[in-house]
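*Asks:* build me a model from this:
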Amino acid sequence: MKQAPHIQAKNLNITLNFFAPEIAIPTPTASFSENEGALNSTALPAIGTYWPEQGGVYAGVMRGEEGRPDYHLVVAQGDKGENSSVAWGSYGEDEPCAKYACDGLLNTAALAHSENDHPAALWTANLSIEGHNDWYLPSRFELALCYATVSELFAKEWHLSSTQYSPDTAWVQGFGGGGQDYGHKGYARRARAVRRVINTSTL
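*Replies:* Residues are numbered from 1 along each chain as shown. Coordinates of the predicted model:
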């Protein structure tokens, strides 16, 4: 039975229309509170080091899309934040709300609430690490950032992204040679959870 996801975006209120008939990616609405997630710039750790109280290792800054603010990406560390063999799921099923190249949070929310089964997205959406319940499966560009800044944290294998390529395939990131490709949704691969911290005061 599909487990109900508890994914939370503490700094992000999202409304998605999962039943829109259009094939194009629906544009979400998002609002941000300037009083939530604010960080002092001196609190930022060095890239590649553990970020106290944030649940993982700091991977750097991702650029926000469509008016959403830039954010700091945190990679889960330890066995709990990594899955060595899990499938993207639902081969042959189109997920039009999971095609974001940059925003893995939106992708994961769409997949976790889909009527189709998506094991990798559900795994991340149900994680709780160091008191944080807002983990998600990174997008293809978030994984590219991870390769550029913290590749040493990842096994030298293909990792799943949350970004769909086609009804049959999804984007994957190689941590051996650094390339990206698209892979069969039914094949089990590695997955790594990430979360974000929005810094409205300094970004």
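
*Asks:* pLDDT averaged over whichever helix or strand residue 120 is part of - what is it?
*Replies:* Here residue 120 sits within helix 119-125, counting by DSSP states H and E. Averaged across helix 119-125, the pLDDT comes to 98.

*Asks:* list the helices and strands the next helix or strand after it packs on?
*Replies:* The helix or strand immediately downstream of helix 119-125 is helix 140-150, counting by DSSP H and E. Contact here means 3 or more CB pairs under 8 Å, 6 or more residues apart in numbering; DSSP states H and E; on that basis helix 140-150 packs against strand 56-62, strand 71-76, strand 158-164, strand 169-174, strand 180-184. For glycine as for every other residue, the C-beta is placed from the backbone atoms N, C-alpha and C.

*Asks:* roughly how far does residue 58 sit from residue 65?
*Replies:* Counting by CB to CB, to the nearest Å, the gap from residue 58 to residue 65 is 21 Å.

*Asks:* cool, and residue 166?
*Replies:* On the measure of CB to CB, residue 166 and residue 65 end up 21 Å apart.

*Asks:* so between these two, which is more surrounded?
*Replies:* More neighbours surround residue 65 than the other of residue 166 and residue 65, with 16 against 11 (other CB atoms under 10 Å).

*Asks:* from memory the more buried one sits against residue 105, does it?
*Replies:* No: at 11.0 Å, residue 65 and residue 105 do not qualify as touching, with contact defined as CB atoms under 8 Å.

*Asks:* so residue 142 sits right up against residue 105, yeah?
*Replies:* No: with contact defined as CB under 8 Å, residue 142 does not count as touching residue 105 (9.2 Å).
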